[in-house]
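>>> the following comprises the amino acid sequence and a computationally predicted model.
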Amino acid sequence: MNSKNILQMKPWYGIEEKNAIAEYLSEDVFITEYKKTKEFEEIIADYVGVKHCIVVNNGTISLTLASLACGISPGDEVIVPNYTMVATPNSVKMFGAKPIFVDVEEDTLCLDFNKAADAISSKTKAIILVSANGRFSKNINEFKNLCNNKNIFLIEDAAQSLGSYYSDFKHVGTAGIAGSFSFSSAKIISTGQGGAIVTNNDEINAKVRKLKDFGRATGGNDIHDTIGYNFKFTDLQAVLGIEQMKKLEFRKKLKKNIYKKYKNLLQGISQVTLYEADLTYNTPWFIDTLVEDRENLINYLKKNNIFTRPMYPPLNKQKAYNSPGNFKISNAVGDNGLWLPSYSQISDNEINKVCETISNFYNNEKK
Ligand SMILES: Cc1ncc(COP(=O)(O)O)c(C=O)c1O
């Protein structure tokens, strides 16, 4: 890889992770789920302020397990935002439930409350809120009331939101019956792959633990009173995760500084609109923008060794779903949304270069 390249994202491990893995391997051979996994779960539960955390192999399966533990079944409808990673709808599609796409708020890109309320039918069993880039729906309290009144589950896909809070300073992902996080490579902390379900509900905790471990109540035996599968974590990942969690507060500061720096440098470029972030609560995971002439800008940046990524296309227009509907906001993101280089370790000089190159594109190249 050319060292001059400014990538859109990259994970970040240091000597601490390397040493911790070497040390663990020299002292123990049980590198599948064991004591380090338990320790990592306790750290996450404590950090987000819930009773239970269950870690699994990724942040898609964590959503699937949360839904299954709520009793969502084939044929049930689950409301999801039309702007999110495809994992959100796929997590319920996988077992035959039907994702129902609803458009998002223009400023937060999170599920629009009124549109979600209108989409509820007699088959609706859950709403999955996605905290896009750590932001939350403006009507989060109304969502809670709506779900209570209609007797449907509120599940949160907080894959992008570790380190972000609601306005009452409760951690994002803890408002509903269960929340889900991802530790894939692009996230603020990573274990390579990995996901977590967080909940205060003892029954959901017990069900998820069984579902992820072949349907048995405890490990190390072959007694199965329910059907379950193997969605387990490993202690090697947990060792990585424990070290990464020690760096989370530092990385939150970096992410907020990156946002401030971009905001400052981009404000003079009228063709680029940065999504607002309230840094009191929100740790922006990626720098998300709407840009004019996106494809030419992407190519120009690439020629200058700068790599970006178009934001998620509207889900209803993905070939995999291809479902009708009028989704103005998510369509606009699909046409113009662009993630700029956003990794935690990006330097000030690199951010300067990205913004100067964007400015050159609009001021010189396009004239
Ligand atoms: C909003 C959202 N949901 C779910 C996922 C899936 O997580 P994983 O890649 O760990 O399966 C992601 C991953 O990027 C995501 O951004």
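Thanks, I have it.
>>> which residue is the nearest non-sequential neighbour of the residue in the stretch 51-200 of the chain that the ligand sits nearest to?
Going by CB to the nearest ligand atom, the ligand is nearest to Gly59 of the stretch 51-200 of the chain, at 2.9 Å. In short, each C-beta sits where N, CA and C put it, glycine included. Once flanking residues are discounted, Gly59 sits nearest to Ser182: 2.6 Å by CB to CB, 6 or more residues apart in numbering.
>>> which secondary structure element contains Val354?
Counting by DSSP states H and E, the element that carries Val354 is helix 348-360.
>>> what is the rounded mean pLDDT of that helix?
Helix 348-360 carries an average pLDDT of 98.
>>> just the CA atoms of it, as PDB, please.
Extracted in PDB, the C-alpha atoms of helix 348-360 (Å, rounded to 0.1, in the frame of the first residue of the first chain):
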ATOM      1  CA  ASP A 348      -3.900  17.400  10.800                       C
ATOM      2  CA  ASN A 349      -1.700  17.600   7.700                       C
ATOM      3  CA  GLU A 350      -3.700  14.800   6.000                       C
ATOM      4  CA  ILE A 351      -7.000  16.600   6.800                       C
ATOM      5  CA  ASN A 352      -5.500  19.800   5.400                       C
ATOM      6  CA  LYS A 353      -4.600  18.000   2.200                       C
ATOM      7  CA  VAL A 354      -8.100  16.500   1.800                       C
ATOM      8  CA  CYS A 355      -9.700  19.900   2.200                       C
ATOM      9  CA  GLU A 356      -7.300  21.700  -0.100                       C
ATOM     10  CA  THR A 357      -7.800  19.100  -2.800                       C
ATOM     11  CA  ILE A 358     -11.600  19.400  -2.500                       C
ATOM     12  CA  SER A 359     -11.200  23.100  -2.800                       C
ATOM     13  CA  ASN A 360      -9.000  22.800  -5.800                       C
END
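>>> buried sites along it?
Glu350, Ile351, Lys353, Val354, Cys355, Thr357, Ile358, Ser359 (16 or more other CB atoms under 10 Å).
>>> show me which of the residues you listed is closest to the ligand.
Closest to the ligand out of these is Val354 (21.9 Å), distances taken as CB to the nearest ligand atom.
>>> what's the helix holding Val354 packed up against?
Helix 348-360 is packed against helix 248-266, helix 294-303, with contacts defined by 3 or more CB pairs under 8 Å, 6 or more residues apart in numbering; DSSP states H and E.
>>> could you redo the last one with a cut-off of 7 Å?
Contacting helix 348-360 under the criterion 3 or more CB pairs under 7 Å, 6 or more residues apart in numbering; DSSP states H and E are the following elements: helix 248-266.
>>> look at the residue of the stretch 51-200 of the chain closest to the ligand and tell me its secondary structure.
coil (DSSP: H, G, I helix; E, B strand; the rest coil).
>>> and it, how many neighbours?
When counting by other CB atoms under 10 Å, one arrives at 26 neighbours for Gly59.
>>> contact partners for it?
Gly59 is in contact with Ala87, Ala159, Ser180, Phe181, Ser182, Ser184, Gly195, counting by CB atoms under 7 Å, 6 or more residues apart in numbering.
>>> so what's Thr234 up against?
Thr234 sits next to Ile31, Thr32, Glu33 when contact means CB under 7 Å, 6+ apart.
>>> this protein: strands as residue ranges?
Using DSSP state E, the strands of the chain run over 52-56, 77-81, 98-102, 124-130, 153-157, 178-182, 195-199, 272-274, 287-291, 309-310, 337-340.
>>> reformat these as TSV; add mean neighbour count and mean pLDDT.
What follows is these, written out as TSV (neighbours: other CB atoms under 10 Å; pLDDT from 0 to 100):
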stretch	mean neighbour count	mean pLDDT
strand 52-56	25	98
strand 77-81	26	98
strand 98-102	22	98
strand 124-130	25	98
strand 153-157	26	98
strand 178-182	29	98
strand 195-199	28	98
strand 272-274	19	98
strand 287-291	22	98
strand 309-310	16	98
strand 337-340	22	98
